[in-house]
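**Q** Build the 3D model from these lines:
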Amino acid sequence: MANYDEIGFKCGLEIHQRLNTRKLFCHCPSMLRDDKPDFTVKRKLRAVAGESGDVDIAAKFEMEKGLEFFYEGYNDTTCLVELDEEPIQEINQEALDITFQVALLLNARILDEIFVMRKIVIDGSAVSGFQRTMLVAKNGTLETSKGIVRIASICLEEESAKNVEEKEDLRIWRLDRLGIPLIEIQTYPDIKDSEHAKETAEKIGMILRSTGKVLRGIGSIRQDVNLSIKNGARIEIKGFQDLRSMQKVIENEVNRQLTLIKSGKKISPEVRKANPDFSTSYLRPLPGAARMYPETDHPTIKADSHRISKIKLPELLTEKVLRFSRQYSLNMEIARLVINENETLFENLINKFKKIDPGIIAGTLALTLKDLKTRLKLNTNKLNEKDFEEVFSYLNENKISKESIPEILVEKIKGNKIDLNKFKAVTDETLELEIKKIVDKNKSLSINALMGEVMKLYRGKVSGQKVMEILNKLTK
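**A** Numbers count the residues shown, from 1 in each chain. As a prediction, the model looks like this:
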């Protein structure tokens with residue numbers, strides 16, 4: 001691996017996160033759909049000069065492809081704003097407040113006046129040929145294990161349309177995604193190495209999730225890496241779907257540039273795609289400032305101090321993990337899993353069933369569900385809150401043992417009726433008497449073999465630990 005200091009490594013990140021609100025400039029829901037569209041429209045786009053008077057190099061590159069674009073939409077969730085047939089509506093105030101919240105969490109300075117701008121985009125991802133964006137805050141800071149990473153800018157913008165089909169001379173896009181609010185966070189090139197890039201991206205992602213107002217799932221957050229080395233040029237790498245690939249892609253890109261430099265080849269500023277094999281491939285020239293010009297259909301937004309003072313900051317997820325661990329006596333990893341995946345359900349269940357150890361509820365949500373999904377290949381999404389309430393009510397009333405919870409959940413997923421007699425809890429006294437009978441009948445068996453005989457009868461009704469304790473006692 002290259003010595004990052006010696007090669008003059010510079011690196012910054014751009015994080016893009018969708019918000020869980022309605023769309024940014026209309027009242028359509030932020031609903032991703034895969035059903036058959038109701039209509040299709042066709043457009044051709046062309047690049048125009050930006051505020052500087054020049055045509056952006058990246059926009060010109062896309063226009064010269066001469067592509068036709070088809071846009072698919074839905075009668076009930078697509079409006080004329082997305083089709084660029086009527087002016088935009090007032091900005092989504094909830095999305096703006098979430099952006100203010102993120103800015104405060106990143107110690108950034110919120111601008112007094114916010115201007116909506118048009119960013120020329122000719123690849124077909126926006127029907128209008130431009131994406132609306134606005135600079136909300138700048139000059140923030142993020143503490144990391146390798147020092148402060150400065151936040152250059154925090155923007156609020158529109159998400160692009162969804163590319164559903166791509167051919168040589170045309171592209172088909174879907175409008176369900178177009179216009180979803182998107183926060184863009186850009187850092188200064190303060191990142192020291194590939195490992196530091198991953199840590200920085202994870203920490204920014206944690207802060208965004210701490211708001212409780214971001215969309216989750218594949219594609220809802222995207223990371224771009226900007227990097228350069230001595231005698232090279234700035235390269236923007238797009239397409240990281242998994243942060244685990246970020247380190248390897250950065251290392252491979254650095255090696256690619258070092259090889260080009262050693263062979264005397266010039267490196268040009270460009271946008272490249274992160275590939276599944278951790279290499280990068282050319283996408284287009286690096287865009288510049290020439291693609292920006294003011295949006296004339298929306299007034300200037302005033303970010304007055306009174307409004308900012310009313311913004312409440314959430315508890316960071318890292319702090320919440322510590323609190324859950326202490327408050328409910330949970331393992332840190334289980335606390336993290338519960339908060340990331342089932343926090344609301346967990347809190348509802350522990351409040352409803354106060355006699356049950358929170359660790360049992362947390363273990364079920366964090367570990368049991370994962371086991372059912374990965375080992376047994378079951379669709380745990382079939383379980384809803386009422387299913388969990390039913391199962392834990394049985395435990396709360398001592399109708400079942402905690403060991404039977406996984407098997408009952410399997411029955412619920414399969415849609416089977418629950419026979420409580422099958423899972424009825426066994427008292428310690430009864431268990432010891434029954435184990436004694438098995439021991440007396442099988443005196444030649446080892447303790448492990450005896451354990452197997454007992455569990456044949458009581459699996460899902462008693463814990464293996466309890467059985468072993470009794471066996472050790474009876475076989476001394």
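
**Q** got the CA positions of stretch 310-329 in PDB?
**A** In PDB, the C-alpha atoms belonging to stretch 310-329 read as follows (Å, rounded to 0.1, in the frame of the first residue of the first chain):
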ATOM      1  CA  LYS A 310     -36.300  26.500  17.900                       C
ATOM      2  CA  ILE A 311     -34.500  23.600  16.200                       C
ATOM      3  CA  LYS A 312     -34.200  20.700  18.700                       C
ATOM      4  CA  LEU A 313     -31.100  18.500  18.400                       C
ATOM      5  CA  PRO A 314     -31.600  14.700  18.700                       C
ATOM      6  CA  GLU A 315     -29.600  12.300  20.800                       C
ATOM      7  CA  LEU A 316     -26.800  11.000  18.700                       C
ATOM      8  CA  LEU A 317     -27.000   7.300  18.000                       C
ATOM      9  CA  THR A 318     -23.600   6.600  19.600                       C
ATOM     10  CA  GLU A 319     -24.900   8.300  22.800                       C
ATOM     11  CA  LYS A 320     -28.100   6.400  22.600                       C
ATOM     12  CA  VAL A 321     -26.300   3.000  22.300                       C
ATOM     13  CA  LEU A 322     -24.400   3.800  25.500                       C
ATOM     14  CA  ARG A 323     -27.700   4.900  27.200                       C
ATOM     15  CA  PHE A 324     -29.600   1.800  26.100                       C
ATOM     16  CA  SER A 325     -26.700  -0.400  27.200                       C
ATOM     17  CA  ARG A 326     -26.700   1.100  30.700                       C
ATOM     18  CA  GLN A 327     -30.400   1.600  31.100                       C
ATOM     19  CA  TYR A 328     -31.400  -1.900  30.000                       C
ATOM     20  CA  SER A 329     -28.200  -3.800  30.900                       C
END
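
**Q** Please identify the buried residues of that stretch?
**A** Residues of stretch 310-329 classed as buried under the neighbour-count rule (16 or more other CB atoms under 10 Å) are 314, 316, 317, 320, 321, 324, 325, 328. All C-beta spots, glycine's among them, are computed from the backbone N, C-alpha and C.

**Q** For those, work out which two are farthest apart.
**A** 314 and 328 (19.4 Å; CB to CB).

**Q** Serialize the buried residues of stretch 310-329 to JSON lines and add fields for pLDDT, secondary structure and distance to residue 436.
**A** JSON lines is the format used below for the buried residues of stretch 310-329 (pLDDT from 0 to 100; DSSP: H, G, I helix; E, B strand; the rest coil; distance: CB to CB, whole Å):
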{"residue": "314", "pLDDT": "95", "secondary structure": "coil", "distance to residue 436": "56"}
{"residue": "316", "pLDDT": "96", "secondary structure": "coil", "distance to residue 436": "54"}
{"residue": "317", "pLDDT": "95", "secondary structure": "helix", "distance to residue 436": "50"}
{"residue": "320", "pLDDT": "95", "secondary structure": "helix", "distance to residue 436": "48"}
{"residue": "321", "pLDDT": "96", "secondary structure": "helix", "distance to residue 436": "45"}
{"residue": "324", "pLDDT": "96", "secondary structure": "helix", "distance to residue 436": "42"}
{"residue": "325", "pLDDT": "96", "secondary structure": "helix", "distance to residue 436": "40"}
{"residue": "328", "pLDDT": "95", "secondary structure": "helix", "distance to residue 436": "37"}
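
**Q** my guess is residue 317 meets residue 210, correct?
**A** Yes: at 4.9 Å, residue 317 counts as touching residue 210 under the criterion of CB atoms under 8 Å.

**Q** how close does residue 321 sit to residue 216?
**A** 17 Å (CB to CB, to the nearest Å).

**Q** partners of residue 172 in the sheet?
**A** residue 70, residue 165 (DSSP bridges).

**Q** Pull the residues that contact the one helix or strand residue 197 maps to.
**A** In this structure, residue 197 sits in helix 194-210 according to DSSP states H and E. Residues outside helix 194-210 that contact it (CB atoms under 8 Å, 6 or more residues apart in numbering): 11, 13, 15, 17, 102, 105-106, 142, 144-146, 149, 183, 185, 187, 191, 214, 216, 221, 223, 225, 243-244, 246-248, 250-251, 254, 314-318, 320, 340.

**Q** now do 6 Å
**A** 11, 13, 15, 17, 105, 144, 146, 149, 185, 191, 214, 223, 243, 246-247, 250-251, 314, 316-317 (CB atoms under 6 Å, 6 or more residues apart in numbering).

**Q** repeat for stretch 98-118
**A** Residues contacting stretch 98-118 (CB under 6 Å, 6+ apart): 19, 130, 132-134, 136-137, 139-141, 151, 154, 156, 183, 207, 211, 213, 292-295, 298, 300-301, 303, 308, 311, 313.

**Q** how about a cut-off of 7 Å?
**A** The set of residues external to stretch 98-118 that reach it, using CB atoms under 7 Å, 6 or more residues apart in numbering, is 19, 130, 132-142, 151, 154, 156, 183, 207-208, 211, 213, 292-295, 298, 300-303, 308, 311, 313.

**Q** Filter these down to just the ones in strands.
**A** Among the contacts of stretch 98-118, the residues falling in strands (DSSP state E) are 130, 132-142, 151, 154, 156, 183, 292-294, 301-302.

**Q** where does the protein have low pLDDT?
**A** For the chain, applying pLDDT under 70 flags the ranges 1, 47-51, 55-56, 58-59, 62-63, 66, 289, 424-432, 434, 453-467.

**Q** How is it partitioned into domains?
**A** Listed by automatic domain parsing, the domain ranges of the chain are 10-309, 317-423, 428-474.

**Q** Residue 364 should be in a helix, yeah?
**A** Yes: with DSSP: H, G, I helix; E, B strand; the rest coil as the criterion, residue 364 is located in a helix.
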